[in-house]
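S.K.: The amino acid sequence is not available; the structure is as follows:
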Ligand code: ADP
C-alpha cells in the first residue's frame, strides 16, 4: 500500500541519515584524536615546541562537530514560526545586502520585484535564512562567479500547475543562478536531509531540507528547475494573504503556527 511504501522509504531515509551523521562525526573525532595523539607523543619526547598547531587542529575539528550538532538540533526542533504580515518585494530588496556581503564580489545579485505588492504572512527571519541557504548553494554552483536573480511575481496555483496572473493566490519567489545545474537524480534527492554532493566538511546536506520544511510549515510549496551546464532555479510558492490596510494596527501577539 501507499502508507507501507512511504513508511519503508522513511526508514530508508533514516538509515541514510544516521549513516551520514555517523560518518561525518567519526571524521571529526578522528581529527581530534589523532591531533591529541601527536601532542601526547611529542610531550613524551620532551618536544614542547610547535604543539599549538596540533591543538589548533583538534579545536577546529571539535568546533566543526559542535556546529554539526547545532544544525542537527535546529533541524529536529523545527523551530516554531513567528509569522507576521510582510510584503515580499520589500524583503527581497532588503536581503540583497546580506547576500552580497555573504557571497562576495564574484556573484552579481539582481532583484526583480513584482509590479504589485505581495502581502503574505511569514516568518521574515526564517525566510531570509532560507534565501541565504539558496544563495550559498548558488554560489557553490558558480565557482567562477555568475548571476543570482531573485524574482517575485504573483501566480495562481491549480492542480500542481501555476500560471502568472496579476492578482493570484500565491507569490512566486524564484532564486535563479547561472551555475553548474543539477542532474535529474540530484534534483530528485535534493530535499532529503543529509543528501549532499559536496565534499565532507563542506556540505551538510541540510540546507535544502530546511528550506523545504520551512515552506511546508508556511503553507507553501517548493520546486526545482535545473539544467546541467545552464543553471538552477528554485521556486518558492508562498500563499498570499488578504491585502493589508496600510494603517491597520500591528497584531499585539505574533501569529504562531505549530511545528507541523
Ligand atoms: P549542501 O549544500 O550542504 O550540499 P543542500 O541540502 O543545500 O546541502 O543541497 C543538496 C545538494 O543539492 C547539493 O549538494 C547540490 O548537489 C545540490 N544543489 C542545491 N542547490 C544547488 C544549486 N543552486 N546548483 C546546483 N546544485 C545544487
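M.R.: Received, thanks. Note that the coordinates shown come from a computational prediction; the quantities given were computed from them, not determined experimentally.

S.K.: Specify the beta-bridge partners of residue 225.
M.R.: Partner residues in beta bridges with residue 225: residue 233, with DSSP bridges as the criterion.

S.K.: How about the contacts made by it?
M.R.: For residue 225, the contacting residues are 232, 233, 235, by C-beta atoms under 8 Å, 6 or more residues apart in numbering. Heads up, the C-betas are built off the backbone N, CA and C, glycines and all.

S.K.: count of neighbours near the first one?
M.R.: By other C-beta atoms under 10 Å, 25 other residues sit near residue 232.

S.K.: Setting aside sequence neighbours, what's the nearest residue to it?
M.R.: Spatially, and ignoring its direct neighbours in sequence, residue 232 is nearest to residue 226 (4.1 Å; C-beta to C-beta, 6 or more residues apart in numbering).

S.K.: Neighbours of the closest residue to residue 72 other than its chain neighbours, how many?
M.R.: Taking C-beta to C-beta, 6+ apart as the measure, residue 72 lies nearest to residue 21, with 7.1 Å between them; neighbours along the chain are not counted. Residue 21 has 17 neighbours, counted by other C-beta under 10 Å.

S.K.: Please list the outside residues in contact with the one helix or strand residue 238 maps to.
M.R.: Using DSSP states H and E, residue 238 sits within strand 231-239. Surrounding strand 231-239, the residues in contact under the criterion C-beta under 8 Å, 6+ apart are 88, 118, 120-122, 130, 134, 137-138, 141, 146, 155, 157, 162, 169-182, 211, 215, 218-226.

S.K.: Specify the local secondary structure of residue 108.
M.R.: When the structure is reduced to helix, strand and coil (DSSP: H, G, I helix; E, B strand; the rest coil), residue 108 reads as strand.

S.K.: residue contacts, whichever residue of the chain sits closest to the ligand?
M.R.: When C-beta to the nearest ligand atom is the measure, the chain has its nearest residue to the ligand at residue 207, with 2.6 Å between them. The neighbourhood of residue 207, defined by C-beta under 8 Å, 6+ apart, consists of 133, 134, 136, 137.

S.K.: CSV for those, including secondary structure and neighbour count?
M.R.: Shown next, in CSV, are those (DSSP: H, G, I helix; E, B strand; the rest coil; neighbours: other C-beta atoms under 10 Å):
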residue, secondary structure, neighbour count
133, helix, 19
134, helix, 24
136, helix, 14
137, helix, 22
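
S.K.: Can you add distance to residue 44 and pLDDT and give those residues back as a markdown table?
M.R.: Listed next are the contacts of residue 207 as a markdown table, based on distance: C-beta to C-beta, whole Å; pLDDT from 0 to 100:
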| residue | distance to residue 44 | pLDDT |
| --- | --- | --- |
| 133 | 46 | 92 |
| 134 | 50 | 96 |
| 136 | 44 | 93 |
| 137 | 46 | 96 |
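
S.K.: picking up where we left off before, ok, and for the strand holding residue 238, which residues are buried?
M.R.: The neighbour-count check on strand 231-239 (16 or more other C-beta atoms under 10 Å) flags 231, 232, 233, 234, 235, 236, 237, 238 as buried.

S.K.: Next one: it, is it in contact with the ligand?
M.R.: Yes - using C-beta under 6 Å from any ligand atom, strand 231-239 reaches the ligand at residue 232.
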